[in-house]
Structures are given as C-alpha cells and as structure tokens.
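Peer 1: Show me how the following folds:
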Amino acid sequence: MRNNGSTKKTVTRARKAAPAANGGRHGVSPTQIYEQLRQRIATRVYPPGMRLSESELATEFGLSRTPVRQALQRLATDGLVSIKNGVGVTVTDLDQTEIDQAYYLRCQLAAMIGHTNPRPLSGADMTALRSIVARVKAMLAKRGPMPLGEFSELCERFHNVVNNVIGSRMLRDFIEILYHQTDRFWFGWMSEADMRKEVTQFLHEVEETQRALEINDFEAVGYIRRNHITMMLARMAAFRSA
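Peer 2: Below is the predicted model of the structure:
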C-alpha cells in the first residue's frame, strides 16, 4: 500500500470534496484546522502520497500560514503527514506489515482500558453516546448509500467518548495516535466493502459499550472495543482474500 512514486497532487484537487471548517472564514483555530485535515486524511479525501500546500490551505481557511503550519506540525507528530525541506508536506502511508502491527497494538491497548484508573463518564458524555446511537439508527433507516463523511464523524465522536473513560494520559495518547493511523485504511477498505454491514456492526459496538458504561463495567468497555477491532480485521481479511 506504500506509494513510492512522487505524487504531485496538491490540496487544490480535494477542495470540492472537503469543505473547510466554518466555510473558510476567519476565527478558525489551529485545532479546528487540524481536526478537519485529519478527517480528510481518514476518509482518503487526501490519499497517501498526496502533497498538501501550506499556502493553499491558508487561503482555503482564510487565515495566515502560521495556524495552518501549527496544524500540519500536529499531524506530523501523529505520523499522518511528513514534512521535509525541499519536498514539502506529504500524507504518509504504511505498508501492510506496519498496518498489521498498528492494529495489533490497538487490540492490546484497548484491553487495558479497564485496568488503568478508569473513570465514570459525565452526564454529558452519556448523552453524547445516546445521540450517537440515535444518529446511527437514523442512518440505517434511510435507503441508499451510507454517507461516509457522517459515519466517520460518528466514529470519531464515539472514539472520543470511550477515551474519556481512560484515566491514564499516556494510554489515552497512544490509543489516539494509533486510531488515527489506522482509521484511514479502514475507511479506504470500507468504500469497497458492504458499508451498511459495517455501520450495523458499529451500532452493535456502541450499544454494547453504552450498556457497559451504564453500570461502570470498564473492563467490559475495553474488551468490547478489542473484540470489535478483531472482528473487523477478520472481515477485512475475508474481503481481501475474495
């Protein structure tokens, strides 16, 4: 899956497919830019090997280059882009061995969620979890193709809620980085798989997690996460072999 060629695409090509935060108006923070660009990488609006132009992004978001540069540096820290003198900013890639290793680590770390000073969720987080369930059910009730952008947003929200259970900052940071390293390959595969089936599986995971959190069974939360990652990998492997 590694792109060894010199990809000359720039951010300009992706603008029509990727709306800017706040419509590209002033007042967008580096964090908002970072989250927007991270989602574009996750959903392969910016595929591996694509070059991103700092100046073009600044124009799109209606900002100076400084906050854009800060957002790109955060993405580089996460391993999602590479910044090199003379080359610029390029979306990174992982080969199959690295992807397998990243998913293996995600499974191992997920099982630790209930063993590292877990903490009950706030009322606001539980409300957010119920909202995710309702939105996923509404998505499945509609006919036609599943909206990948909305689905990726709900996956991100669910990931953030579950991470609020984790009391260890170090574990939370590791899980965060690995999630964003791997979700772009999952969403890339999903565009060719049965996406309605994947959304249904996601609903099962969210509902199981909700039930566990309602009784503060934090060990179950971790094992539910791990088990669903493992089952997803099995579906992905079966799809590849077919």
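
Peer 1: What's the local residue count around residue 191?
Peer 2: Applying other Cβ atoms under 10 Å, we find 10 residues neighbouring residue 191. Where C-beta positions appear, they are placed from N, C-alpha and C, glycine not excepted.

Peer 1: could you measure it against residue 173, distance?
Peer 2: 29 Å (Cβ to Cβ, to the nearest Å).

Peer 1: hey, where'd the strands end up in this protein?
Peer 2: Under the criterion DSSP state E, strands of the chain are mapped to 51-52, 81-84, 88-91.

Peer 1: Dump the ones you listed into TSV; add distance to residue 187, mean pLDDT and mean neighbour count as well.
Peer 2: Formatted as TSV, the strands of the chain follow (distance: least, Cβ to Cβ, whole Å; pLDDT from 0 to 100; neighbours: other Cβ atoms under 10 Å):
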stretch	distance to residue 187	mean pLDDT	mean neighbour count
strand 51-52	18	95	20
strand 81-84	17	94	16
strand 88-91	14	94	20
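
Peer 1: Output these in a markdown table; the columns should cover distance to residue 128.
Peer 2: Output for the strands of the chain, formatted as a markdown table (distance: least, Cβ to Cβ, whole Å):
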| stretch | distance to residue 128 |
| --- | --- |
| strand 51-52 | 31 |
| strand 81-84 | 29 |
| strand 88-91 | 30 |
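
Peer 1: Would you mind finding the longest helix in the chain?
Peer 2: For the chain, the helix with the greatest residue count under DSSP state H is helix 218-241.

Peer 1: domains for this protein, by residue range?
Peer 2: 11-91, 96-241 (automatic domain parsing).

Peer 1: Count the residues that sit near residue 41.
Peer 2: 25.

Peer 1: Contacts only, for residue 179.
Peer 2: Counting by Cβ atoms under 8 Å, 6 or more residues apart in numbering, residue 179 touches 106, 159.

Peer 1: Quick one, grab the pLDDT at it.
Peer 2: pLDDT, residue 179: 92.

Peer 1: Roughly how far does residue 46 sit from residue 176?
Peer 2: Noted for residue 46: a distance of 19 Å to residue 176, by Cβ to Cβ.

Peer 1: Between the two, which has more neighbouring residues?
Peer 2: residue 46 (27 against 15).

Peer 1: that older thread, residue 168 is nearest to which of the strands of the chain?
Peer 2: Closest to residue 168 of those is strand 81-84 (Cβ to Cβ; 27.0 Å).

Peer 1: what does the longest helix of the chain contact?
Peer 2: With contact meaning Cβ under 8 Å, 6+ apart, helix 218-241 is reached by 103, 106-108, 110-115, 118, 162, 165, 186, 189, 192-193, 198, 201, 204-205, 208-209, 212-213.

Peer 1: switch the cut-off to 7 Å
Peer 2: Outside of helix 218-241, the residues within contact range by Cβ atoms under 7 Å, 6 or more residues apart in numbering are 103, 106-107, 110-114, 118, 162, 165, 189, 193, 201, 205, 208-209, 212-213.
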